[in-house]
Every structure is written in C-alpha cells, then in structure tokens.
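Engineer: Sharing a model that was predicted from the sequence below.
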Amino acid sequence: MRKTLLKTVLAGALVGTSLPVTAATEIQWWHAFTGRLGDLLAEQVEKFNASQSDYVVVGSHKGNYSETLNAGIAAFRAGEQPHLLMVFEVGTATMMGAKGAIKPVYEVMKEGGATFEPDGYLPPVKGYYTTPGGDMLSLPYNSSTPVLYVNRDALAAADLDPDMDLSTWEMVDAAMDKLKAAGQDCVLTTAWQSWVHLENFSAYHDVAFSSKDNGFTALDTELSFNGPIQVAHIEAMGKWAKEGKFFYAGRRNEGGANFRAGECAFFTESSAGYAGVKAEAEFDFEIRPLPYWTAAEGAPQNTIIGGSSLWVMEGHEAEEYKGVSEFLAFLSSSDVQAKWHQNTGYLPITVEAYEQTKTEGFYEENPGTDIAILQMTSKPTTPNSKGLRLGSFDQIRGIIDEELEAVWTGDKSAQEAMDNAVKRGNQLLRRFEKTNK
Amino acid sequence: MDKRVTFSGWWLPMLLILPQLLITAIFFFWPAGQAIYQSAFMPDPFGLKTQFVGWDNFTFLFEDEYYLASFKTTAIFSLLVTALSMGVALWLALMADRIIKGSGTYRTLLIWPYAVAPAVAGVLWLFMFRPNVGLMSWYLDKVGYDWNHVLNDGQAMGLVVVASSWGRISYNFLFFLAGLQAVPKSVIEAAAIDGAHFWHRFRTIVFPLLAPTTFFLLVVNVVYAFFETFGVIHTITSGGPQQSTTIMVYKVYSDGFVGQDLGSSAAQSVVLLLIVGMLTIVQFKFIERKVHY
C-alpha cells in the first residue's frame, strides 16, 4: 500500500514538472536572454520539442553574455559543458581559438544529415562566423546593426522638417545646431559607443579597424582605428560633447532611457532597440540609416553585425549531435526566423526569412524596420566590412570606452586617445596571440 | 612552576586542531598555492593548452601603467571607505549610547542596511544618481550642480565610496555600540564628578578604552574595502570612467573573466595576496602596540 502511494506521488511529481516520460535525448542550451527575448527563445524551444519526440532541448539562462561565456568555459573545464552555448560576437575569436572545445557547425550539420544551406544566410551575417574558406563555424542566432533613431516631434519643435534628409553626418550636424539653438537640451546620444562609432563606423566608411582583414586572416593582427577618418569622427563627436549637443549616458545602452523618455532628438542604437522604443516612446519616432561623412570616399559601405551565435561544444555522443543538427536546422527555418525578426527587431538571418517578411507586408506596416537589412546588404562586403575577429575583444572594447570617455570630457584629443587605445589594445592582442599559438 | 594546562603527548592536540588545519589547507593554502603556480603560466581560457612563461606575467603587469595606477586607486578608495564607515559609525554609536527612550528601535533601524548585499546596494545608489534620470542627480541639477559620474572621475569615486561605506556603517556601529557599553560607568561618572565634560571624557577615557574594538574594525574594514566592495564597483561604475575606480580586485576580475587572461589574473592575485599579508603584519606589529587591552 505504501509503495503504491509513493509511486503515485512520484508519478504526480513527474507529470507536474511536465517532463516527457519517454527517454528522449536531452540537449542543453545555455543562453543569455531574459525578459521578452527570453520568452521568445523559450517559445522556440517549446515549439521544437512539441514538433518531434526524439529530442528534448532544455534552455538555461546563465546570466549576461560575458557570464554565459564564462559559465560555458568553466563547464568545459569541469567536463560538464552544454551542447549549445550562446556566445556574443566579440567572443568569436576566443571560441575559434578553442580547437578541441568546439565542434564546427558545418561538421555537425554534415554528420547529422539535416537540411542546411549555408548560402541561404545573409552574407554579412554569415561572414562574421565563417572561416575564410566559407565553412560555417557557429550558427548566427540574433544579429543586429546600428541605425539612427529620430525623434520627429523634437525636429518639428525646432522648426525643422521631420522628413529632412539626415543621411550624412554633415546634415545631422547642421540639424543639431538648429536643435540646440531652439533649446533642445539633449540633441544626440548613443548606445554602445565603440560598436557604433568605431567598429561599425570603420566598416561603413570602408577603412580597416584592424590589420589582416580585421583579424580574419591571421592572429598577428594590429589595431588601426587611429586612422584619419575615424579620428576625424571622434574629434567631431568630442566637439559636439563640448558644445553640449552630444550627451554621453554610458558605455552600454543607458542612453536608451533618455531617448525613450523623449529627452533626446537623435539616438544611435542597435536595430534591436526598436521593440523597446516602440513600446515606450510617447512621441513620433522614425528609424533612419546610420549617417556617414561625405568626405570619406568609401562611404557608405555596409555596416556590420552585433549579437550572438550558437556554438556546438565538443565532447558529446553522436546521437546527441544529431539532435543538435535538427534543432539548428529548425532554428534557421524561415518561419522561425521571420517571426524572430518581426518580434525583436533583430535581422532576419536568412534571405528566405527576409523575403517571407516582405511578402507578409510587415515592412509596409512597420516603416523603417527594413532599413537595417538594406544598410547591411546594399553592397557586397569588402575585407574592411566583413566583420571583426579579434582576441580579448571584450576587454579591448573596455579600453576603447575608457579612451572615448577621455575625449568626451576633453582630457585628451581624439588622436591621442585613439593612439593610446590602439597601443593598449595591441598589447592584449599580442597576449592573445601568444596563448593561442 | 608552569601553571598552564599541558598535554602529555602529541596525538591528542594534533587531533583536536586537525579540523581547523584541514579547513585552512583546503580553503586557503591550496587555492593560494594554485594562484602562485598559475601565475607562471599562460593558459588558454578552455584549459586546452598552457605554456610556461616564468616571470612574464609579472613583468607584463609592472610595465602596465594602468596596473600601477590601480595601486593608488586602491589605497585612496580603501582609506576613504574605512575612514568614512568607521567615523560615521562611531558618531552614531556615541549618540545611540546616550539616548534612553526608543533606543531599541533606533538601533535596529541603524543595523538594517547591513542586510543589504553589496551588489544590491550598488544598484540602489545607481538608481538615485543615474545622470539625468536618477532622483538625486535630478535634484542636484535643480540646484545647479551637474552630476555625471559616468564621465567625472571624482564623482564616480565619491559615489562608490559612499555606496560601499553605507552598509558597512551598520556593522561598525554594532561593534562600537557594544564597545561603548562595555566601558565601566563608574569611571565615566567619576570623571564627570571631577568636572570633565562629554568630549573631554570621550577623548581621555572612552576612546582609549575603545581601542581594541577600533583596531579590530580597522583590520576588518581594510580587508572589506580591498575585496568585498567588488559588487558595488561592478554595478555602479564597472571600474570607470577611465579606470578611475578600478581597484586591484576589480582588475583581477576584469582581466580574468572579461579578458579571459587567466595568467595575468593569477599574477595579480599573488600581488594582492602579498599586499594584504604585509598590511596585516604592519597593522599587528605597529598599530596593535598602541592598543591597550
């Protein structure tokens, strides 16, 4: 009698946790998403789990991007690594260097036999995560690119035409003067300053951020963002900061709070910020392409991505990898991608998903949401605009942040600050090269 | 004439201190030994390959002007946190010791902030002082003071010092109050009869009698400022602007866990180990001599 009772309780507990009773193969996926993005991710997982019975994907949140990467590294050292690890784009070089810890996606897909067409991915998205030979190492998951958010009400209040052309920094500069004169307190603010105003800026103006094709072809790459075009831009921004036109809110996306509250007229931020702005802004806003300087010959080239990709970790059974390949194929299917793109503002990572979103009429209903894609795909990529592949990049960004802050306060000139950032960053690159030789 | 209780053999005393020895060995000596060992290597993050580099990690550190600057930052930060948290706590304890009505409630309220974790305290202070949108920065703006700790290094340092000291004041308050209550009333009353006023009594009787407590708190607070303030700095400034609030332990974290440079991180831990060791020796050798138990 007692035994039966125990069994009933156990069975009840199992049903209660909604774990499938059949011995399906479990696939662990560690990710960095919470809130709305976390919900959307969980929805994808549920949909996949419901669609078949051989595999169960278990998603676990492990903190922010850096923390997730660290959790993956620590787990690998302890032999407890997940099958799939979400790694932000700046961690790409670290993961690529970890031969023996990762299993390239193209290999997983080939062995798993799932349908997979690497050519179906948008080139600037795919380029970031493939070898120079074209083999895809990790699966692009969420990718975005910086755009210009415009507060149309602020423009109108300063007697400017909200539809005015803002495609170049020269035009934006002129508009900023008028806005400032009309009493606009915060004219321009930004999120992710290094990503927008140096990394993407370099690609967009077709100048090298770092030697050896931005680190794509060799480990002995040296930073080169202290060139005249980048320095001129940072100098201009330093001047705007001094004149009170550019408001610096912080290293991450702190400026978003100011823009969404209606305090600022212009805001350079990831296209993925769209959902947040749309939900909170109580004013008329619009998305415009990132401005460029007409003085630069190559501009506008294309912008590059930010976001994360999924890396398959080494050390699991063949049967489990088969499940991974099916899950990855599911994630890149156009229905899943189109939905993800429309819900989040991240780019559709496949051409098919983009076409599907277009036919569904999404861009007509939500003007401006296709600007990010057009901005990235309008021209074939050059070695300067394929992406960045630098070791210790998270820390190099920290260095760039520090040096930029010195320019915003007026402590250093743009040239001094960029020279110093290059010098300090190169030291880290040399250490990275040494450990990965 | 030895009056102390002694053990006749070795095995019983050894057995009795064995648990303590084991804990010390496993949780202190082993990790410290690992740090020293690793500081001579440059491993890749995943531990797939590692190479012996000898003193290279240390020479790299001491050629880095930002690392050298972090010594100064750490010294200033620790000094300010210790002085502020102990000073305010002592003052509050003196006041709390004098009141009679409602002293229980008053004390309980003063102890509360200690229950708040450093990282949470950091977030709370950040909410208040967020440039443009924070409550305090908004009021400061109204009175014409431009608050932007994101760019102003002095303000950033001030904010992390205040946020780190805030929770600590409660802890110090508790010890100071206990110390004050242990001061014999008869001595104070005798001095009062002799005509010594409050501050005179404090200077000549209470403070010297409080010295053991003060010394203990000094040691504990310096160690706190060195290590446990990590959460506050991480949430408020992340070491910025321009590394002006990067104390040594924060650099250990950012090089090790953001930069994945475990060799350098281990070398920095060893340096930190030596500094705290020396600091403790100095405190016990020189300051403790002036303490009257």
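Structural biologist: Perfect, thanks for sending it.

Engineer: Could you measure from A:Ile304 over to chain B?
Structural biologist: 21 Å (C-beta to the nearest C-beta, to the nearest Å). Using the backbone N, CA and C atoms, a C-beta is placed for each residue, glycine as well.

Engineer: give the contact list for the closest residue to that residue other than its chain neighbours.
Structural biologist: Among residues not flanking A:Ile304 along the chain, A:Ala203 sits closest, at 4.7 Å (C-beta to C-beta, 6 or more residues apart in numbering or on different chains). Counting by C-beta atoms under 8 Å, 6 or more residues apart in numbering or on different chains, A:Ala203 makes contact with A:209, A:301-304, A:384-385, A:387.

Engineer: just A:Arg152 next, same as before
Structural biologist: Taking C-beta under 8 Å, 6+ apart, one finds A:162, A:283-286 in contact with A:Arg152.

Engineer: The same query, at a cut-off of 10 Å, please.
Structural biologist: Applying C-beta atoms under 10 Å, 6 or more residues apart in numbering or on different chains to A:Arg152 gives the contacts A:160-163, A:265, A:283-286.

Engineer: Run through the strands of chain A in chain order.
Structural biologist: Here chain A has its strands, by DSSP state E, at A:25-31, A:55-61, A:84-88, A:102-103, A:139-144, A:146-151, A:186-190, A:246-247, A:264-270, A:285-288, A:306-313.

Engineer: Strands of the stretch 51-200 of chain B, start to end?
Structural biologist: Remark: no strands are assigned in the stretch 51-200 of chain B by DSSP state E, counting those that start in this stretch.

Engineer: Pick the one among the contacts of A:Arg152 closest to B:Pro113.
Structural biologist: Among the contacts of A:Arg152, A:Phe283 lies closest to B:Pro113 (C-beta to C-beta), at 39.6 Å.

Engineer: about what we covered before: now for the contacts of A:Ala203: which two are most distant?
Structural biologist: So, the contacts of A:Ala203 by C-beta to C-beta: farthest apart are A:Phe209 and A:Asn302, at 13.8 Å.

Engineer: Tell me the residues that contact both of those two, please.
Structural biologist: Residues touching both A:Phe209 and A:Asn302 (C-beta under 10 Å, 6+ apart): A:200, A:203, A:384-385.

Engineer: Neighbour-wise, which one of those residues leads?
Structural biologist: Taking other C-beta atoms under 10 Å in any protein chain shown as the neighbour criterion, A:Ala203 ranks highest of the shared contacts of A:Phe209 and A:Asn302 with 29 neighbours.

Engineer: can you pull the pLDDT of that residue?
Structural biologist: At A:Ala203, the model reports a pLDDT of 96.

Engineer: same question, the one 5 residues further on
Structural biologist: In the predicted model, A:Ala208 carries a pLDDT score of 97.

Engineer: I figured it hits A:Thr217, correct?
Structural biologist: No - contact criterion C-beta atoms under 10 Å: A:Ala208 and A:Thr217 do not qualify, at 11.9 Å.

Engineer: who has more neighbours, those two?
Structural biologist: A:Ala208 (22 against 13).

Engineer: pLDDT (mean, whole number) over stretch A:416-428?
Structural biologist: Here stretch A:416-428 scores 96 as its mean pLDDT.

Engineer: Give the buried residues for that stretch.
Structural biologist: Using 16 or more other C-beta atoms under 10 Å in any protein chain shown as the test for burial, stretch A:416-428 gives A:417-418, A:420-422, A:424-426, A:428.

Engineer: Count the neighbours of whichever residue of the stretch 151-293 of chain B sits closest to chain A for me.
Structural biologist: Among the residues of the stretch 151-293 of chain B, B:Gly259 lies closest to chain A, at 3.8 Å counting by C-beta to the nearest C-beta. For B:Gly259, the count of nearby residues is 24 (other C-beta under 10 Å).

Engineer: A:Gly298 now?
Structural biologist: By the criterion of other C-beta under 10 Å, A:Gly298 has 16 neighbours.

Engineer: any idea how far A:Ala208 is from it?
Structural biologist: Distance, A:Gly298 to A:Ala208, using C-beta to C-beta, to the nearest Å: 11 Å.

Engineer: before we move on, what about A:Met95?
Structural biologist: 23 Å.

Engineer: Where does pLDDT dip in the stretch 151-293 of chain B?
Structural biologist: B:290, B:292-293 (pLDDT under 70).

Engineer: Name the nearest of the contacts of A:Arg152 relative to chain B.
Structural biologist: Distance to chain B across the contacts of A:Arg152 (C-beta to the nearest C-beta) is lowest for A:Ala265, with 14.6 Å.

Engineer: In this structure A:Tyr55 contacts A:Ala329, no?
Structural biologist: No - counting by C-beta under 10 Å, no contact exists between A:Tyr55 and A:Ala329, whose distance comes to 11.9 Å.

Engineer: which parts of the stretch 101-250 of chain A sit against chain B?
Structural biologist: By C-beta under 10 Å from any C-beta of the partner chain, the residues of the stretch 101-250 of chain A that approach chain B are A:101-102, A:185-186, A:189, A:241, A:247-250.

Engineer: Weed out the non-buried ones from those residues.
Structural biologist: Buried members of those, scored by 16+ other C-beta under 10 Å, are A:101-102, A:186, A:189, A:241, A:247-250.

Engineer: out of the residues you listed, what pair is the most spread apart?
Structural biologist: Most distant of those, by C-beta to C-beta, are A:Ala101 and A:Cys186, 44.9 Å apart.

Engineer: How about the residues of the stretch 1-150 of chain B by chain A?
Structural biologist: Along the stretch 1-150 of chain B, the residues adjacent to chain A under the rule C-beta under 10 Å from any C-beta are B:41-51, B:53, B:56-57, B:60, B:63-66, B:130-133, B:148-150.

Engineer: Quick check: phi and psi on A:Phe225?
Structural biologist: Main-chain dihedrals, A:Phe225, degrees, to the nearest 10: phi -80, psi 10.

Engineer: From B:Val143, how far out is it?
Structural biologist: Distance, A:Phe225 to B:Val143, using C-beta to C-beta: 41 Å.

Engineer: quick one, which of those two is more surrounded?
Structural biologist: Ranked by neighbour count (other C-beta under 10 Å), A:Phe225 and B:Val143 place A:Phe225 first, with 22 against 6.

Engineer: Just the pLDDT at that one, thanks.
Structural biologist: Looking at A:Phe225, its pLDDT reads 97.

Engineer: these two touch, right, it and A:Ile400?
Structural biologist: Yes - applying C-beta under 10 Å, one finds A:Phe225 in contact with A:Ile400, separated by 8.0 Å.

Engineer: okay, now the residue of chain A found nearest chain B: neighbour count?
Structural biologist: Closest contact between chain A and chain B, by C-beta to the nearest C-beta, is at A:Gln395 (3.8 Å). A:Gln395 sits with 20 neighbouring residues when counted by other C-beta under 10 Å.

Engineer: how close does it get to A:Gln28?
Structural biologist: Distance, A:Gln395 to A:Gln28, by C-beta to C-beta: 28 Å.

Engineer: joint contacts of A:Phe225 and A:Ile400?
Structural biologist: When contacts are counted by C-beta under 10 Å, 6+ apart, A:Phe225 and A:Ile400 are jointly contacted by A:194, A:198-199, A:418, A:421-422, A:425.

Engineer: Please compute how far stretch A:401-419 lies from its chain's middle.
Structural biologist: Relative to its chain's centre, stretch A:401-419 lies at 25 Å (C-alpha atoms, centre = their mean, to the nearest Å).

Engineer: Could you list the buried residues of it?
Structural biologist: Neighbour-count burial for stretch A:401-419, counted by 16+ other C-beta under 10 Å, picks out A:401-409, A:412, A:414, A:417-418.

Engineer: Outline the domain layout of chain A.
Structural biologist: A:2-144+A:306-365, A:146-303+A:391-435 (automatic domain parsing).

Engineer: what would the ones you listed look like in CSV with distance to B:Trp91?
Structural biologist: As requested, these are exported to CSV (distance: least, C-beta to C-beta, whole Å):
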stretch, distance to B:Trp91
domain A:2-144+A:306-365, 40
domain A:146-303+A:391-435, 35
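
Engineer: Any idea which of those gets closest to B:Gln34?
Structural biologist: domain A:2-144+A:306-365 (13.1 Å).
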